[in-house]
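Have a look at this prediction, sequence included:
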Amino acid sequence: MFKKHYILAIVSFLSIPVISIAGVMLFNAINPEIAAGHSDYERNYRLLQQAKNLFLLATLLATVGLWLLTCFFLLKSRGQSNGWLPLAILGTFGFIVLTMLGDKAPAHRDLYQQFVRKLKIHLRVAYELCLFMAVWVIAFQTMVLKRDLMIAHQAAVTGRSIAQIIDEQNASSGMWAFSEGLEILYLVVLFYLLWPICFNLVGRLPKYRASSRNP
């Protein structure tokens, strides 16, 4: 039902937070101050600081590489030209445009591609607009739910009140807003990737039920 390159696009995208978190952990694990007390403190400190920066740069490059691979595999799964790949520079919005490209060789059982190919141009535009709004709303609500659950968990673990934790977050609202914005952008792309799969699975449920009733 799903092409190998489409699955690779999903795997590449899901690898982004894994690589990012691992890179940040390694970055934080290196403390140049451990060079204190050694005879060549300045040289050791400089080497450790360079290693720290190298891990950060490597994480950034790996993240960008995985993002490009995600877009590349998506284009490959649709049989589209790599000339569309520069749209990856636009981030989430460029990716949304890539998802709108037609599949030149859809799989035989791909119900989603069969559905969108049958839509006339005005219906396709209306569908894409509705999907765009729905995905952004769901992504935002998912982020809010995750934030509330984390606050509740932190309150239960530390014994502090939810109001105190919220006040602490409000004190650094800029950082939290940036982090939550990144989460929303990530979720939007993830939902766009998963939507065709969910569409196909739901569309095939009647056949699965019929086959189970008539072995």
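Structure's in. What do you need?

Outline the domain layout of this structure.
Split into domains by automatic domain parsing, the chain comes to 1-100, 106-215.

Pick the most buried one from these.
Mean neighbours per residue, mean count of other CB atoms under 10 Å, is largest over these for domain 1-100, with a mean of 15. In short, each C-beta sits where N, CA and C put it, glycine included.

Where do the helices of this structure begin and end?
4-29, 41-78, 92-100, 111-118, 121-158, 162-171, 173-213 (DSSP state H).

Spatially central, which residue of the chain would that be?
The C-alpha lying nearest the average C-alpha coordinate of the chain belongs to residue 186 (CA atoms, centre = their mean; 3.5 Å).

doesn't residue 20 make contact with that residue?
No - using CB atoms under 8 Å as the test, residue 186 is too far from residue 20 to be in contact (10.0 Å).

Now residue 74. Nearest residue, chain neighbours left out?
Nearest non-adjacent residue to residue 74, counting by CB to CB, 6 or more residues apart in numbering: residue 9, 4.6 Å away.

any idea how far the one you found is from residue 66?
Separation of residue 9 from residue 66 (CB to CB, to the nearest Å): 10 Å.

now the domains of the chain as CSV including mean pLDDT?
Listed next are these as CSV, based on pLDDT from 0 to 100:
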stretch, mean pLDDT
domain 1-100, 88
domain 106-215, 85
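
now the helices of the chain as JSON lines including distance to residue 85?
Below are the helices of the chain laid out as JSON lines (distance: least, CB to CB, whole Å):
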{"stretch": "helix 4-29", "distance to residue 85": "13"}
{"stretch": "helix 41-78", "distance to residue 85": "6"}
{"stretch": "helix 92-100", "distance to residue 85": "9"}
{"stretch": "helix 111-118", "distance to residue 85": "21"}
{"stretch": "helix 121-158", "distance to residue 85": "21"}
{"stretch": "helix 162-171", "distance to residue 85": "38"}
{"stretch": "helix 173-213", "distance to residue 85": "15"}
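
now for these, which one comes closest to residue 86?
Smallest distance to residue 86 across the helices of the chain (CB to CB): 8.1 Å, for helix 92-100.

list the helices and strands the closest one packs on?
helix 41-78, helix 173-213 (3 or more CB pairs under 8 Å, 6 or more residues apart in numbering; DSSP states H and E).
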